[in-house]
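>>> everything below, folded, please.
(4 chains)
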Number of protein chains: 2
Amino acid sequence: MKKRATISDVAKQAGLSLSTVSLVINNSGYASEQTRQKVLRVVEELSYHPSRAAKGLASKKSGNIGFIVSDDHFSRLEPFYTRIFLGTEFEARPHNYYILLTTVENQFREPDSIPRFLLERNVDGVIIAGKCPGKLVDYIDRLDIPIVLVDYTFPRKRFSSVLIDNRKGAHAAVEHLIETGHKDIGFIGGDITHPSIAERFLGYKETLFEHGIAPDPRLYITDEDDTTMRNGANAARRIFDGEKKPSAIFAANDAMALGCIQFAKQRGIDIPNDLSLIGFDDIEASVHMEPPLTTVKVFKEEMGALAVQRLVDVIKTKSLSIVNTYVPVELIVRSSTRKTILGGGSAEPRNSVSSVAS
Amino acid sequence: MKKRATISDVAKQAGLSLSTVSLVINNSGYASEQTRQKVLRVVEELSYHPSRAAKGLASKKSGNIGFIVSDDHFSRLEPFYTRIFLGTEFEARPHNYYILLTTVENQFREPDSIPRFLLERNVDGVIIAGKCPGKLVDYIDRLDIPIVLVDYTFPRKRFSSVLIDNRKGAHAAVEHLIETGHKDIGFIGGDITHPSIAERFLGYKETLFEHGIAPDPRLYITDEDDTTMRNGANAARRIFDGEKKPSAIFAANDAMALGCIQFAKQRGIDIPNDLSLIGFDDIEASVHMEPPLTTVKVFKEEMGALAVQRLVDVIKTKSLSIVNTYVPVELIVRSSTRKTILGGGSAEPRNSVSSVAS
DNA sequence: GTATTATATCGAAGCGTTTCGATAAATATC
DNA sequence: GATATTTATCGAAACGCTTCGATATAATAC
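Okay, here's the model as predicted:
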């Protein structure tokens, strides 16, 4: 096996000094066009790739980005955060970074739960996806390691973040339901302490208000302990066991929507004829559901990519400014929603003629 | 921000030389018990963590393990390979390795598709999960980088591997169906070119033979192009559109079993009363299916962990021997299978009395 | 008691980069 | 035309570790 070429091999071959080659490769400092070309050609010839370790040692940069996600988030049925992670992986390539993934338990115990890459200072920055223990965030912050949050906002302190435009998504979802003639629209929220879910709830209420509909507490559930399918089914049951039945439900994510579907099947409620249902996220499964789920699509890979872009920028420029990027969403209409024959029950039926199902 | 402690800080504090400290930390070479204690205490005091980069530069080891998985495998609905990946991550921790993940396209084009960590020699070994382009495997092998395969066997050359005991799993599945009175047992294979699927097919046929049942070509489908839910539904349709209807189906994975369920619902076939169905893998979704799926559980995290153990062993000992580890499987009986009222149609019904459903 | 061998510790070279002056040539400034 | 500035290149130190002899002492063999 031939030994790998080093920078000094390149220098020798090009008849230049080490430092000049280094300057050209990292294009810092000055170099004549001629020299530049020469170096680049030799690099190609020897198929030279700089040694990460040497580079890291000399520059005090690891070339790695840490990706932190809570273990239950990451190993959920739906690969939501997996997609985000994948997005970071792809975007890291052109920037020449590696992503070091670690999952953390919700129950944080210092120092056992501190990711190794932090102890060893083996990352130049960190991306945190979804909820993360506050103590850990504080710890990283104290280390002066740049942080970018994805689908999360930290309560006590601002960080740059990449967020879903939840309000807009919720607005589009509820608007769609209202447009198709629904008035008694339920909401299934699961874990309302997650900022994204809270915002979707807000968007839900706002949109109802806009249309002169007062949100009915009997129609929304926000106190389940997690946003799982099971809880979706549970919440649906609680709503339908109440005195007021909705004609449509907006579930704060697709997993809970799926739970709704299961509940509805059990209870003999036909979707979309008896109940229109809309989800959020557009996970892979939603197109395969029975019926295929109308939902609000979230561009997960793109979120990961944006997070990397932002983080790399912070690492390189040491910028301290905080940038919150809102990623647009898109309403995907499939078969779980349809026009009502009659407007809802409580509000006065307006346009009752034109809203007859086609 | 305080500077990190280096090995020379430790040496100074302990009144020893650099080299002695290094020897103790890596416990290579000799050191008196007294010295050892002293060093360890100082390490603790200064909370010293060796620099990865320096270590890597000096030792020519990166401390990283590459994890390669095809992109369609990794971003599938069911997080099968994600779980394996997670297993490697966990096991890598105590061994002090990092996992560098990369996905590769099925359509391999050198050199664009070559993972960066190979170009930069930034991994000490590689784990390949599921199918992988032959050219890439050859490339890595030529680099003299140790390889461990997970859920895959390479056609042209032997490598150490961690494999599912597919034959045993298939045996358990089919045995279960036979025990519950089925004789006309179908098989849905999807992509038979994947070694695991091929073995499950083999196990299926073997078990039938053992019980004096000749596999009926009208009852198995092995020529779909992938092992997806869609293809599962498709294959089920093809079988049921044929002249011979099975009373039970063994799907080579849970995704295809889910497809079967969807097809059955559409066609008005009741599971398990009209058709018993059994899957393979035990993905998270299977417990949530309607009905909950009887399946063969695969211990995915454990497979990842075993792969890391094996790889670390190879890296450390430079062992050239090839070890194929077969991970046991477990039959999980849920509600998608039940006893037949009558034995199957073609073979003579034996024990027809005792096999009446309870 | 001397020769071997095992044990314990150390100094220094080396790993492959970056980066900080230093130097020299080319260009701009007045 | 002398001085200042920009551009181009280089040598050498530094980054924090491993590892290879070298040296010294302790244990064992004969």
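
>>> now A:Asp313. Nearest residue, chain neighbours left out?
A:Ser319 (6.6 Å; C-beta to C-beta, 6 or more residues apart in numbering or on different chains). In this view, the C-beta of every residue, glycine as well, is placed from N, C-alpha and C.

>>> pLDDT score assigned to the one you found?
What the model reports for A:Ser319 is a pLDDT of 88.

>>> which residue ranges of the stretch 101-250 of chain A form strands?
In the stretch 101-250 of chain A, the strands defined using DSSP state E, counting those that start in this stretch lie at A:125-129, A:147-150, A:160-164, A:185-188, A:220-221, A:248-251.

>>> could those go into TSV alongside mean pLDDT?
Output for the strands of the stretch 101-250 of chain A, formatted as TSV (pLDDT from 0 to 100):
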stretch	mean pLDDT
strand A:125-129	97
strand A:147-150	97
strand A:160-164	97
strand A:185-188	97
strand A:220-221	94
strand A:248-251	97
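
>>> tell me which of those lies nearest to B:Leu149.
Proximity to B:Leu149, assessed across those by C-beta to C-beta, is greatest for strand A:125-129 (29.7 Å).

>>> helix/strand/coil for A:Thr340?
coil (DSSP: H, G, I helix; E, B strand; the rest coil).

>>> tell me which parts of the stretch 1-150 of chain A are close to chain B?
Taking C-beta under 8 Å from any C-beta of the partner chain as the contact definition, the stretch 1-150 of chain A meets chain B at A:1, A:4, A:49-57, A:62, A:74-77, A:79, A:82-83, A:86, A:89, A:93, A:96, A:98-103, A:116-117, A:119-122, A:143-144.

>>> OK, contacts around A:Phe80?
A:His73, A:Asp281, A:Ile283, A:Val298, A:Lys300 (C-beta atoms under 8 Å, 6 or more residues apart in numbering or on different chains).

>>> out of these, which comes closest to DNA strand C?
Nearest to DNA strand C out of the contacts of A:Phe80 is A:Lys300 (C-beta to the nearest atom of the strand; 33.3 Å).

>>> I figured that closest one hits A:Phe85, correct?
No: here A:Lys300 lies out of contact with A:Phe85, judged by C-beta atoms under 8 Å, at a distance of 9.1 Å.

>>> in chain A, which residue is most central in space?
Nearest to the geometric centre of chain A sits A:Asp151, at 4.7 Å (C-alpha atoms, centre = their mean).

>>> mind checking which helix or strand the nearest residue to A:Val21 once chain neighbours are set aside is in?
Nearest residue to A:Val21 in three dimensions, chain neighbours excluded: A:Ala11, at 4.7 Å (C-beta to C-beta, 6+ apart). Using DSSP states H and E, A:Ala11 falls within helix A:7-14.

>>> helices and strands around that helix, which ones?
The criterion is 3 or more C-beta pairs under 8 Å, 6 or more residues apart in numbering or on different chains; DSSP states H and E, and the helices and strands that helix A:7-14 contacts are helix A:18-25, helix A:33-45.

>>> what bridges to A:Leu294?
Just so we're on the same page, residue A:294 is Thr rather than Leu. Listed beta-bridge partners, A:Thr294: A:Ile278 (assigned using DSSP bridges).

>>> same check, this time on the one 4 residues further on
A:Val298 has these beta-bridge partners by DSSP bridges: A:Val329.

>>> so how far is chain B from it?
As defined by C-beta to the nearest C-beta, to the nearest Å, A:Val298 lies at a distance of 15 Å from chain B.

>>> and the pLDDT at that residue?
For A:Val298, pLDDT reads 97.

>>> next, count neighbours for it.
26 (other C-beta atoms under 10 Å in any protein chain shown).

>>> for it, give me its contacts.
Counting by C-beta under 8 Å, 6+ apart, A:Val298 has contacts A:Phe80, A:Ile164, A:Gly169, A:Phe280, A:Asp281, A:Asp282, A:Val327, A:Val329.

>>> run the last query once more with 6 Å
A:Ile164, A:Asp281, A:Val329 (C-beta atoms under 6 Å, 6 or more residues apart in numbering or on different chains).

>>> contacting residues for the closest residue to DNA strand C within the stretch 101-250 of chain A?
The minimum distance from the stretch 101-250 of chain A to DNA strand C, using C-beta to the nearest atom of the strand, falls at A:Asp124 (12.4 Å). A:Asp124 makes contacts with A:Lys61, A:Ser62, A:Ile315, as judged by C-beta under 6 Å, 6+ apart.

>>> cutoff 8 Å now
A:Lys61, A:Ser62, A:Gly63, A:Asn64, A:Ile65, A:Tyr97, A:Ile145, A:Pro146, A:Ile315.

>>> ok, and the most crowded of these?
A:Ile65 (28 neighbours).

>>> which positions in the helix or strand hosting it come out as buried?
Using DSSP H and E, A:Ile65 sits within strand A:64-70. Within strand A:64-70, the residues scored as buried using 16 or more other C-beta atoms under 10 Å in any protein chain shown are A:Asn64, A:Ile65, A:Gly66, A:Phe67, A:Ile68, A:Val69, A:Ser70.

>>> tell me if whichever helix in chain A runs longest is near DNA strand C.
Across chain A, the helix with the greatest residue count (assigned by DSSP state H) is helix A:300-317. No: judged by C-beta under 7 Å from any atom of the strand, helix A:300-317 makes no contact with DNA strand C; its nearest approach is 11.5 Å.
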